[in-house]
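In: Give the three-dimensional model of this entry:
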Amino acid sequence: MKEKLVCIGNGMAGIRTLEELLQLAPDKYDITVFGAEPYGNYNRILLSPVLAGEKTVNDIMLNEEQWYQDNNITLYKGHSIASIDRRKRQVQSDKGIIVNYDRLLLATGSNPFIIPLPGHTLPGVVGFRDIQDVYTMLKAAKQGQQAVVIGGGLLGLEAANGLLKQGMEVTVVHLLDSLMEQQLDQAAAALLKSSLEKRGLSFLMQAETSEILGENHVTGVRFKDGLKIPADL
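Out: Numbers count the residues shown, from 1 in each chain. Predicted structure coming up:
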């Protein structure tokens, strides 16, 4: 009898682990995968080129549904795990699917931190983590003009560059006086900022956000010093 292996998480880490297990012991496990997103496994690192229009979602797929079928893996797309019963060795999804396991692999990844400011739950306020986030931003780029990106780290700058390429006017807001302070010294950060400004990005440095404005949708951002700037996204 094969051992029952359940993998919670259909992302790069979990599926790479399964690929290695299939190489080492192809007949050892009866595998079930649960993924919260309605897709196969894709390269999350390449979401920035998708946002910028340089790649499509199909271009960044690592394991399409046929791969799961070819390897006799049961895939539940669009299922989050609601509970794990360690005594019964069972998992249950938010859609009522119950699966027994002998081995349980947790590879759920992370979620973006959305600053819990007033207005942070408004439509038009989005993180940059998955395909749906990219679709939300692309839709906003067709409808609006002003984008504000809070965070001048690597991912924030990639999001800002993508939105700029989609035709939006983009302002990057950063709490510190230097971009990408985890990777760059101040001289290099100044060169980067100058280069990005020449491309068309705007920056508000040492700016502390106090409120996201809007009633039914984001309309702007207010800062601790009283400054307000418009935002459709």
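
In: From now on I want contacts and neighbour counts done on CA atoms only, so please keep to that.
Out: OK.

In: just how off-centre is stretch 171-187 within its chain?
Out: Centre-to-centre, stretch 171-187 and its host chain are 21 Å apart (CA atoms, centre = their mean, to the nearest Å).

In: tell me how far the ends of it are from each other?
Out: One end of stretch 171-187 to the other measures 21 Å (CA to CA, to the nearest Å).

In: tell me the helices in the protein, going along the chain?
Out: Secondary structure of the chain (DSSP state H): helices at 12-24, 47-51, 65-70, 131-143, 154-165, 186-199.

In: Can you tell me which of these is nearest to Arg103?
Out: helix 12-24 (12.2 Å; CA to CA).

In: can you pull the buried residues of that closest one?
Out: 12, 14-15, 18 (16 or more other CA atoms under 10 Å).

In: JSON lines please, covering those and showing pLDDT and distance to Leu164.
Out: Compiled in JSON lines, the buried residues of helix 12-24 are given as follows (pLDDT from 0 to 100; distance: CA to CA, whole Å):
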{"residue": "Met12", "pLDDT": "95", "distance to Leu164": "28"}
{"residue": "Gly14", "pLDDT": "97", "distance to Leu164": "33"}
{"residue": "Ile15", "pLDDT": "97", "distance to Leu164": "33"}
{"residue": "Leu18", "pLDDT": "98", "distance to Leu164": "38"}
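
In: Near Val50, how many other residues are there?
Out: A count of nearby residues for Val50, using other CA atoms under 10 Å, gives 19.

In: Distance of it relative to Ala141?
Out: Distance from Val50 to Ala141, counting by CA to CA: 13 Å.

In: same thing with Leu117?
Out: From Leu117 across to Ala141, the span is 23 Å (CA to CA).

In: Spit out the contact partners of the residue nearest the centre of the chain.
Out: Centroid-nearest residue in the chain: Arg129, 0.6 Å away (criterion: CA atoms, centre = their mean). Counting by CA atoms under 8 Å, 6 or more residues apart in numbering, Arg129 makes contact with 44, 111-112.

In: Then Thr56?
Out: By CA under 8 Å, 6+ apart, the neighbours of Thr56 are Val50.

In: ok, now the one 4 residues further on?
Out: Each residue near Ile60 by CA under 8 Å, 6+ apart is listed here: 42-44, 46-47.

In: Repeat that for Lys4.
Out: Neighbouring residues of Lys4 by CA under 8 Å, 6+ apart: 29-32, 100-103.

In: Switch the residues you listed over to TSV; also include neighbour count and pLDDT.
Out: Putting these into TSV (neighbours: other CA atoms under 10 Å; pLDDT from 0 to 100) gives the following:
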residue	neighbour count	pLDDT
Tyr29	20	97
Asp30	18	97
Ile31	20	98
Thr32	20	98
Asn100	18	98
Tyr101	20	98
Asp102	13	98
Arg103	13	97
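
In: now, which of those residues lie within strands?
Out: Counted as lying in strands by DSSP state E, out of those, are 29-32, 100, 103.

In: what's the most distant pair in the residues you listed?
Out: Tyr29 and Asn100 (12.7 Å).
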